[in-house]
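Student: no FASTA, just this:
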C-alpha cells in the first residue's frame, strides 16, 4: 500500500476493531445498565489510540507473515 493510504488504513481498522471489542467487553463486564452507551464510549475513546498504535505495529508483521504463509502453500 502506498502513500497516505498506508497511514489511513491502520487508523480505520483500529477504529472498527476497538469499536466492536469495547462493545463486547463492556457488555460482558457490565451487562446492559442504563449508562451502557456512555461507559462504552469512554472505553472506546481510551482503546482507539492504543489500537491504532497496535495496528501500526501489527500491519507490517501480518504482511510479512501472510507472504511467508502463501509462499509455503504455493511451494507444496
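Tutor: Good, I have the coordinates. This is a predicted model, so every value here is computed, not measured. Numbers count the residues shown, from 1 in each chain.
Student: and the helix or strand containing residue 9, what's buried?
Tutor: Taking DSSP states H and E as the criterion, residue 9 maps to helix 5-30. Taking 16 or more other C-beta atoms under 10 Å as the neighbour-count basis, helix 5-30 is seen to contain the buried residues 10, 13-15, 17-19, 22-23, 26. For the C-beta atoms, the positions are set from N, CA and C on the backbone; glycine is no exception.
Student: can you name the element that comes right after that helix?
Tutor: Moving on from helix 5-30 towards the C-terminus, the next helix or strand you reach (DSSP H and E) is helix 36-74.
Student: by how many degrees do the helix holding residue 9 and helix 36-74 diverge?
Tutor: Angular relation of helix 5-30 and helix 36-74 on a 0 to 180 degree scale: 130 degrees, by axes from the mean of the first three to the mean of the last three C-alpha atoms, to 10 degrees.
Student: run the chain-centre distance for helix 5-30.
Tutor: Chain-centre distance of helix 5-30: 5 Å, with C-alpha atoms, centre = their mean, to the nearest Å.
Student: so what secondary structure elements neighbour it?
Tutor: If contacts are counted by 3 or more C-beta pairs under 8 Å, 6 or more residues apart in numbering; DSSP states H and E, helix 5-30 sits against helix 36-74.
Student: before I go, just wanted to say thanks for your time.
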